[in-house]
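A.B. asks: the following block contains a protein sequence and its predicted model.
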Protein chains: 4
Amino acid sequence: MRIGVLTGGGDCPGLNAVIRAVVRTANGRYGDAIVGFRDGWRGLLEDRKIHIHNDDRTDRLLTKGGTMLGTARTNPDVLRAGLGRIKQTLDDNGIDALIPIGGEGTLTAGSWLADEGVPVVGVPKTIDNDIDCTDTTFGHDTAVTIATDAIDRLHTTAESHQRVMLVEVMGRHAGWIAMNAGIAAGAHLTLVPEVPFDVDEVCTMIKRRFQRGDSHFICVVAEGAKPAEGSFALRQGGIDEYGHERFTGVAHQLGVEIERRIGKEVRTTVLGHVQRGGTPTAFDRVLATRFGVHATEAVHDGHFGQMVALHGTEIDLVPLSEATKQLKLVPEDRHDEAAAFFG
Amino acid sequence: MRIGVLTGGGDCPGLNAVIRAVVRTANGRYGDAIVGFRDGWRGLLEDRKIHIHNDDRTDRLLTKGGTMLGTARTNPDVLRAGLGRIKQTLDDNGIDALIPIGGEGTLTAGSWLADEGVPVVGVPKTIDNDIDCTDTTFGHDTAVTIATDAIDRLHTTAESHQRVMLVEVMGRHAGWIAMNAGIAAGAHLTLVPEVPFDVDEVCTMIKRRFQRGDSHFICVVAEGAKPAEGSFALRQGGIDEYGHERFTGVAHQLGVEIERRIGKEVRTTVLGHVQRGGTPTAFDRVLATRFGVHATEAVHDGHFGQMVALHGTEIDLVPLSEATKQLKLVPEDRHDEAAAFFG
Amino acid sequence: MRIGVLTGGGDCPGLNAVIRAVVRTANGRYGDAIVGFRDGWRGLLEDRKIHIHNDDRTDRLLTKGGTMLGTARTNPDVLRAGLGRIKQTLDDNGIDALIPIGGEGTLTAGSWLADEGVPVVGVPKTIDNDIDCTDTTFGHDTAVTIATDAIDRLHTTAESHQRVMLVEVMGRHAGWIAMNAGIAAGAHLTLVPEVPFDVDEVCTMIKRRFQRGDSHFICVVAEGAKPAEGSFALRQGGIDEYGHERFTGVAHQLGVEIERRIGKEVRTTVLGHVQRGGTPTAFDRVLATRFGVHATEAVHDGHFGQMVALHGTEIDLVPLSEATKQLKLVPEDRHDEAAAFFG
Amino acid sequence: MRIGVLTGGGDCPGLNAVIRAVVRTANGRYGDAIVGFRDGWRGLLEDRKIHIHNDDRTDRLLTKGGTMLGTARTNPDVLRAGLGRIKQTLDDNGIDALIPIGGEGTLTAGSWLADEGVPVVGVPKTIDNDIDCTDTTFGHDTAVTIATDAIDRLHTTAESHQRVMLVEVMGRHAGWIAMNAGIAAGAHLTLVPEVPFDVDEVCTMIKRRFQRGDSHFICVVAEGAKPAEGSFALRQGGIDEYGHERFTGVAHQLGVEIERRIGKEVRTTVLGHVQRGGTPTAFDRVLATRFGVHATEAVHDGHFGQMVALHGTEIDLVPLSEATKQLKLVPEDRHDEAAAFFG
């Protein structure tokens, strides 16, 4: 067979490990040819590709962060309009099956192609853990590990200076990184997009902790956390003199609000891109490898229009159309479980 | 309520995190009194205990390896014979429910007590991942992470010296650490207790790899891996001039056999106790915390004779009697999945 | 003897290790009493203190970041004005010698006290490495290690997305962290306070690298790096709608400038407080321990008005007045050495 | 110019970083041709080599452990006898200068060549830190960091089980790794080759600690540590049924002796090869890079028969003949400094 592979969306630890597993299984075991398209769907729109073989160089991808194929985010409208061109590229290259590795956007486009009869098996990727129909995906554990390590470090500084510290982590729509790193690092409060926060309640919680004699307060803030209505006005873009809205994350603004209201020194750290780079954790390497193997097996079994998924300890297949219907948010009971440790 | 807690069996990263979660939930939320028994079941046999409160000191346990209660392995026969005494201690201390945190041995004793009407909720602990009826337990991810990090390092030395390297990891009965670390670190072969190995086949695989021009060979060996019948005679204790059999692990002997047969330098590393100490990974901290919360909730809901268990993303309860019936070994399909990367 | 100890200035990994070494040597070996003053010089101004003994709890400080004594920055004028009160507190507590552990500000105040006859032995502390008359101090290696680890991770993301990435690290006056982490992580450019940068030259360097076919550009920026005159106007405070200038670091502004000029996606990460927290590296633990031992020995030898210092492999004493005369900046030849790897 | 490079002796983190720095400086800046000889001196004896260019592939060596050139230990007599052949290979390849990177053995051979008029600039490499005339070399900090991390982990297990734990680290002749890791990780005793130990004194120290109520004892043992005369008979090789003496390290034997004498459970861990593999620490990357740059500059300045060396913060040159006269052992005052923390 001739199998196409691409990685789309934001960089994620484990992408290379999936590629390696696909190549070792498909090329190494079955003798398939592997065509890697560059920079996500763009590589298919522009027919830019490389051939990947099961050799020493591929083998070393396991521990390497990022993706050897490059990645890019493509506008969904552009993608929609380009489906014909993508199919043409697949035909021109004689591709028998396509394995897109990516997040919600990438997999949705994969689902569209599947609807048009293209043999697609998707591999879910998201450090945010917000893809539905799978217990988790690779990348998330690495992001949580990096965030936890950072918060572990911030504890000692906060204690020494008796400070309030805010840590902004990734998670635009879903608060999984914030929640898991918050639990893992013993944060005193975690704000997630799923549950709008009230600044006054946050301030009350901080004051109560300090009144009890505790010496510091660590609050993890998902970048997509939102103040409850009437709480405080979150600036959205447009304020920068350069017309630049990138560094107006909620954490910085919340820090200023808290400092203004309780008169205590607040320090804010935005972890940013370090959460998505570098070598994957052992957990993510194993999961990425298993996803790669099972995606290849699904291709050989002719199970198309599916996505590999982790359920318990097993790798299953779920329809791409199901998996891309909605994002997987932190459910209320998980938030309550975590909230028991706040304060 | 008055809740007893103990930690039994080998040390494991996350034990303290469970204790903290029980104390925060039971003492902090419900106002229960927490009595910690020292050094596993011994503490109950000898009525040695401490009272644990939901304070700053307990809070810091989250990131600390080991167990503040101490732990010990107790002979099952001694335990059997001491059940009456254990019940007496529980009565004397007015304990309403007992939460034993431990591996197969500890939970089996918990199951015996439950059979005799003692209100018990168990928490599974094993770096080996061999407790049945739960997807995994805390401690295993940390052990795999440490082993993977070590093997990552051995790769560069093996490459530079063109060597065969054996790495012995924990796993007396089940090969989960070996298998997962082997996948995660890209080992060229992994030997697990579940699948007896043939030394000649191992040598053939090594020779084939070097003949192909590859420059090194990394083999992960579970301490409980066994040669297939007729393969080679594994010495069992008795050889040491001190009558000491502790350092006659299978890896050292296998290394000598391989060196003798293929005439290549072999180096063996036994990771040993570093695999079970130190701060838990973020994954294990989250799981340990959730186990502690749910065990306490089970106590308050009166669900006794049960063990908390991870199924997918949920924490469930399973009967202790079920969970302790047999060890969870690496199933054949998982071994095959991993074996596809050998060579 | 009765020895006072305090930690001043910003939090730094290794402070606790110094305290432990002082306590083990002074209290453990010589039987001295140790009085720890809280929150830097404030503890002396307000006579807030604790007694520290050579026990298990102190012993565990070795690996713990931060400072058990708390720390604070005190305004130099307030300190100047409060010298009398500080001396009074020392007298009231019968302190025979004072060991202030801190950066330039703390040591300068120590020098003032020494001038007035107070028996002082200083211990230099700075993650920035900008204290003069010592090869280095503890804390710096930890900061460089954390920054290097972060930049290692950013490489893979930058490569995968073919991006320019800026990383702002600590260093208001001296570029040591930036320079060392830049070398260690293979940055393509490092901007330090000692050498004003020209934005156009930075852009030219980036363009040249991409033209050569390289796929990413990592630039480390010390927070105190400054544009050369005429290069671009660095906003200084005042722009935030809250009148808050904390998040207007040079890196964010530089990123916007580069993006505007070369039309390429630029991402900026400000590492912030994670650089100064958490457990010290082995190097810093050894150095902090040695400093603590030698400071205590200096007290017992009656060598006052001195600071412990690392010269080669030896711990020496240098006059506090000498060490606090000027900051230790990155000399030109060291910058040139590093600059050979730019581009 | 045409510069030859080789790496000899045991693998060491930072070797690749030196090669990269030499290539970037010599090839990148000066346009020199770089000829890498494979597997230490063997590559020169057998004229096996590769040409290395200042490209992307070389650039990535910075963070990679091991050596791209391969390495080997060569018998000194073979080397002595082969000097003529080595010179012939250098002539045949038109090599203008040779940069051997290695430990005492490699540098001694370099010194012999220099004596015969070959233009040699050596770069010291040793994880053991036993090369004279330089404050330290790259590799040592990484080894100490790995050992410290392992001992940190062993503390919690030892505490939980109230055990004596021995950790064997590298250091056949010099105890630097043991001493530094022992200080950094708060070991209760460190045994180094420089100071023969008495088993009875070790046992007394352990018993005293447990009698004081402390719950564990960690002893770091350099592999070359030796019992004092009359203390106990260290078996040397020959005991293994395979005629194999590799796993008769002093730590295992000492552990058995202690257990026999004090009747307490002792556990022994031999860290082994993990200490010398994997990515170098930031400290070692900076030092290795600086050594590579300065070695190349020395070649261009015609300073031959020298070795680069760290003195304080400067890289100097010292005669190879001086540096290879004797090993740098732990001096008595450093051992005393460390011993103050024993018990």
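C.D. replies: Arrived safely, thanks for sending.
A.B. asks: around chain B, pick out the residues from chain A.
C.D. replies: A:24-25, A:29, A:56, A:59, A:62-63, A:135-136, A:141, A:144-145, A:147-149, A:152, A:180-181, A:183-186, A:214, A:281-283, A:285-286, A:289-290, A:293, A:311-313, A:337, A:340-341 (Cβ under 8 Å from any Cβ of the partner chain). Glycine gets a C-beta too; all of them are placed from N, C-alpha and C.
A.B. asks: mind giving me the ChimeraX command for buried ones among these?
C.D. replies: Restricted to buried positions by 16 or more other Cβ atoms under 10 Å in any protein chain shown, the ChimeraX selection for these reads:
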select /A:24,25,59,62,63,135,136,141,144,145,147,148,149,152,180,181,183,184,185,186,214,281,282,283,285,286,289,290,293,313,337,340,341
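A.B. asks: now, the residues of chain A next to chain B that are in strands?
C.D. replies: A:His311 (DSSP state E).
A.B. asks: got any ranges where the stretch 151-300 of chain A has weak pLDDT?
C.D. replies: For the stretch 151-300 of chain A, the stretches with pLDDT under 70 are A:236-248.
A.B. asks: so which residues of it form strands?
C.D. replies: A:164-169, A:189-191, A:217-222, A:266-270 (DSSP state E, counting those that start in this stretch).
A.B. asks: the stretch 1-150 of chain A too?
C.D. replies: With DSSP E, counting those that start in this stretch as the criterion, the stretch 1-150 of chain A has strands spanning A:2-7, A:33-37, A:49-52, A:97-102, A:121-124.
A.B. asks: out of those, the one nearest D:Glu116 is which?
C.D. replies: Across the strands of the stretch 1-150 of chain A, D:Glu116 has its closest neighbour in strand A:49-52 (49.8 Å, Cβ to Cβ).
A.B. asks: who touches the closest one?
C.D. replies: With Cβ atoms under 8 Å, 6 or more residues apart in numbering or on different chains as the test, strand A:49-52 has contacts from A:4-5, A:19, A:23, A:27, A:33-38, A:43, A:58, A:68-69, A:93.
A.B. asks: how about stretch A:223-230?
C.D. replies: A:168-175, A:178, A:191-193, A:196-199, A:233-234, A:249-251, A:254.
A.B. asks: any idea how far A:Leu287 is from A:Lys49?
C.D. replies: Plainly put, A:Lys49 is 26 Å away from A:Leu287 if you go by Cβ to Cβ, to the nearest Å.
A.B. asks: just A:Ala340 next, same as before
C.D. replies: To A:Leu287, A:Ala340 is 28 Å away according to Cβ to Cβ.
A.B. asks: so A:Met1 is in contact with A:Gly302, correct?
C.D. replies: No. Between A:Met1 and A:Gly302 there is no contact under Cβ atoms under 8 Å: 10.6 Å.
A.B. asks: the more surrounded of the two?
C.D. replies: Using other Cβ atoms under 10 Å in any protein chain shown as the criterion, A:Met1 and A:Gly302 rank with A:Met1 on top: 16 against 9.
A.B. asks: now the more buried one: how far from A:Pro119?
C.D. replies: Separation of A:Met1 from A:Pro119 (Cβ to Cβ) stands at 10 Å.
A.B. asks: between these two, what contacts are shared?
C.D. replies: Shared contacts of A:Met1 and A:Pro119, defined by Cβ under 8 Å, 6+ apart, are found at A:96-97, A:299.
A.B. asks: out of those residues, which is most surrounded?
C.D. replies: A:Val299 (25 neighbours).
A.B. asks: that residue - nearest residue in space that isn't next to it in sequence?
C.D. replies: Leaving out its chain neighbours, the residue that sits closest to A:Val299 by Cβ to Cβ, 6 or more residues apart in numbering or on different chains is A:Ala97, at 4.4 Å.
A.B. asks: okay, and the beta partners of the one you found?
C.D. replies: Beta-bridge partners of A:Ala97, counted by DSSP bridges, are A:Ile3.
A.B. asks: quick one: contacts for it?
C.D. replies: Counting by Cβ under 8 Å, 6+ apart, A:Ala97 has contacts A:1, A:3-4, A:119-121, A:299, A:304.
A.B. asks: which one of these is nearest to D:Trp112?
C.D. replies: Distances from D:Trp112 to these, taken by Cβ to Cβ, are shortest for A:Ile3, at 56.9 Å.
A.B. asks: any idea how many residues pack against that closest one?
C.D. replies: Using other Cβ under 10 Å, A:Ile3 is surrounded by 27 other residues.
A.B. asks: how close does it get to A:Thr296?
C.D. replies: As it turns out, when the distance is counted by Cβ to Cβ, A:Ile3 lies 7 Å from A:Thr296.
A.B. asks: give me the common contacts of these two.
C.D. replies: A:22, A:26, A:32, A:99.
A.B. asks: looking at these, state which has the most neighbours.
C.D. replies: Using other Cβ under 10 Å as the neighbour criterion, A:Val22 leads the shared contacts of A:Ile3 and A:Thr296 with 30 neighbours.
A.B. asks: and it, what does it touch?
C.D. replies: With contact set as Cβ under 8 Å, 6+ apart, A:Val22 has these partners: A:3, A:5, A:34, A:99, A:292-293, A:295-296.
A.B. asks: closest to B:Cys12 among those residues?
C.D. replies: A:Val293 (29.8 Å).
A.B. asks: ok, the closest one - contacts?
C.D. replies: So A:Val293 contacts A:21-22, A:25, A:315, B:337, B:340 (Cβ under 8 Å, 6+ apart).
A.B. asks: helices along chain A, start to end?
C.D. replies: For chain A, the helices defined by DSSP state H occupy A:15-22, A:41-45, A:56-59, A:76-92, A:104-115, A:140-161, A:176-184, A:199-211, A:250-262, A:282-301, A:320-323, A:332-339.
A.B. asks: now, of the strands of the stretch 1-150 of chain A, which is deepest in the fold?
C.D. replies: strand A:121-124 (a mean of 30; mean count of other Cβ atoms under 10 Å in any protein chain shown).
A.B. asks: direction included, what does it pair against?
C.D. replies: When pairing is defined by DSSP bridges, strand A:121-124 lines up against strand A:97-102 (parallel), strand A:306-311 (parallel).
A.B. asks: that older thread, specify which member of the shared contacts of A:Ile3 and A:Thr296 is nearest to chain D.
C.D. replies: Nearest to chain D among those, counting by Cβ to the nearest Cβ, is A:Val22 at 23.4 Å.
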